[in-house]
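Colleague: Attaching a predicted model along with its sequence, questions to come.
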Amino acid sequence: MARETVRVFEVGVRDGLQNEKALVSTARKITLIRGLLDAGIRDFELGAFVRPDRVPQMADTERLYAALHDRSWRLGRARAWSLVANETGLRRAIKAGARNIAIFTAATDTFARRNIGMSVKQSLQQFSRIVPEAHRRGMEVRGYVSTAFGCPFEGKVRPSRALKVVEALLGLGVSQVSIGDTIGVATPRDIEAVMRPALGLAPQEKLAGHYHDTRGTALANALRSIELGIRTLDSSAGGLGGCPFAPGAAGNLATEDLVYMLEGMGLRTGIDLDAVARLSVGFSRFLRKPPASRYVAAFAASCDRSRSRKR
Ligand code: MG
């Protein structure tokens, strides 16, 4: 019997690096992306068409697209995604030749206002102009709902609030909505309270879980999502990216930890686990901090042991 597939959506290059203090050069990003593609990553965030003065780490998004469109790249069936904040962002994305974009809002107004400078309702009104235009251009559009479980400013979020925004994005015709536990407060029960009704609104391929490991529940939440029928999960190589609301805390669920669990459960990801782990070991040395991924930490330790045995 063919194994069931889970789509692992790599967010390290955008969501991850955006939350890292060290500014990463375009060349280093390109090396990382090439490595991720070689390891079998098929969907990945490349950058963001947002104000470069506000998010300097994403200022080179156009340059990354130029590199991507270089003939020497073997993108194959892989797809690069970039965030678009508004109509200016959409124009930049079109000009850069982006094929896949993501729009982002939140379940809570305070977070939306601080993050994108408008209320949730205003953001949805804006998207109602952006999405059709993107579709006319042949682009695919993904939507993000941040703070779907908890908000750093408003506290716990009722599932009905998150679901209203998920439904609104689906109504705009996005191909998938990624439901985000931005500050990493959700437990599996919270996941069920949102994902079960969400699966009543849309088929599984239109939904994704985006979990942060701030309190150590990201992998448990991923598992609960899989049990409920979700088949796309966002993660970042090595667990790249901290949490801007909890300095020093873990950020995105680590790709390696997720892939290890999924493959161990008999699900197919198409990702070469140790190839991603090797990349993450190298990148954590560059960032001068230990990898947030438990798998990568164990992988690095076993590499060190085998190296010392050879001596
Ligand atoms: Mg994230």
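Modeller: Yep, that arrived.

Colleague: Now for L199: which residues touch it?
Modeller: 207, 228-230 (C-beta atoms under 8 Å, 6 or more residues apart in numbering). Yep, even glycine has a C-beta here, placed from its N, CA and C like the rest.

Colleague: which among the residues you listed end up buried?
Modeller: Neighbour counting with 16 or more other C-beta atoms under 10 Å marks 207, 228, 230 as buried within the contacts of L199.

Colleague: What separation do you get for the last one and the ion?
Modeller: Between I230 and the ion the distance is 16 Å, computed by C-beta to the ion, to the nearest Å.

Colleague: Can you point out the helix or strand that includes that residue?
Modeller: For I230, there is no host helix or strand (DSSP states H and E).

Colleague: hang on, it packs against E205?
Modeller: No - under the criterion of C-beta atoms under 8 Å, I230 makes no contact with E205, lying 9.7 Å away.

Colleague: give me the beta-bridge partners of the closest residue to the ion within the stretch 151-300 of the chain?
Modeller: The nearest approach of the stretch 151-300 of the chain to the ion comes at N252, 4.5 Å away (C-beta to the ion). Judged by DSSP bridges, the bridge partners of N252 are H212.

Colleague: What is the burial count for it?
Modeller: Look at N252: counted by other C-beta atoms under 10 Å, it has 32 neighbours.

Colleague: That one and F104: what is the separation?
Modeller: According to C-beta to C-beta, to the nearest Å, N252 and F104 sit 15 Å apart.

Colleague: Can you pull the poorly scored residue ranges out of the stretch 151-300 of the chain?
Modeller: For the stretch 151-300 of the chain, the stretches with pLDDT under 70 are 246.

Colleague: Walking through it, point out its helices one by one.
Modeller: 159-171, 188-201, 218-228, 255-264, 273-287, 294-310 (DSSP state H, counting those that start in this stretch).

Colleague: Which strands or helices does the first one pack on?
Modeller: It stands for helix 159-171. When contacts are defined as 3 or more C-beta pairs under 8 Å, 6 or more residues apart in numbering; DSSP states H and E, helix 159-171 packs onto strand 100-106, helix 120-136, strand 140-146, strand 176-181, helix 188-201.

Colleague: tell me which residues of it are tucked away?
Modeller: 159, 161-163, 165-166, 168-170.

Colleague: Throw those into JSON lines and include distance to the ion, thanks.
Modeller: Shown next, in JSON lines, are these (distance: C-beta to the ion, whole Å):
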{"residue": "P159", "distance to the ion": "20"}
{"residue": "R161", "distance to the ion": "19"}
{"residue": "A162", "distance to the ion": "16"}
{"residue": "L163", "distance to the ion": "20"}
{"residue": "V165", "distance to the ion": "17"}
{"residue": "V166", "distance to the ion": "17"}
{"residue": "A168", "distance to the ion": "21"}
{"residue": "L169", "distance to the ion": "17"}
{"residue": "L170", "distance to the ion": "21"}
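
Colleague: Closest to L267 out of the residues you listed?
Modeller: V166 (23.9 Å; C-beta to C-beta).

Colleague: How about the closest one, nearest residue that isn't a chain neighbour?
Modeller: V177 (5.1 Å; C-beta to C-beta, 6 or more residues apart in numbering).

Colleague: Please tell me I have it right and that neighbour contacts K206.
Modeller: Yes - using C-beta under 8 Å, V177 is in contact with K206, at 6.5 Å.

Colleague: Looking at the two, which is more packed in?
Modeller: The neighbour comparison of V177 against K206 (other C-beta under 10 Å) goes to V177, with 26 against 19.

Colleague: ok, so what distance separates that one from A162?
Modeller: Per C-beta to C-beta, V177 is found 10 Å from A162.

Colleague: any residues in contact with both of those two?
Modeller: V145.

Colleague: in the stretch 1-150 of the chain, which spans are strands?
Modeller: Counting by DSSP state E, counting those that start in this stretch, the segments of the stretch 1-150 of the chain that form strands are 7-10, 43-49, 79-84, 100-106, 140-146, 150-151.

Colleague: mind checking which of the ones you listed is nearest the ion?
Modeller: The closest of those to the ion is strand 140-146. By C-beta to the ion, the value is 8.3 Å.

Colleague: Identify the neighbouring strands of that closest one in the sheet and state each direction.
Modeller: Going by DSSP bridges, the partners of strand 140-146 are strand 100-106 (parallel), strand 176-181 (parallel).

Colleague: show me what contacts the residue lying closest to G76 once chain neighbours are set aside?
Modeller: Spatially, and ignoring its direct neighbours in sequence, G76 is nearest to L37 (7.6 Å; C-beta to C-beta, 6+ apart). Taking C-beta under 8 Å, 6+ apart, we find L37 in contact with 44, 74-76, 78.
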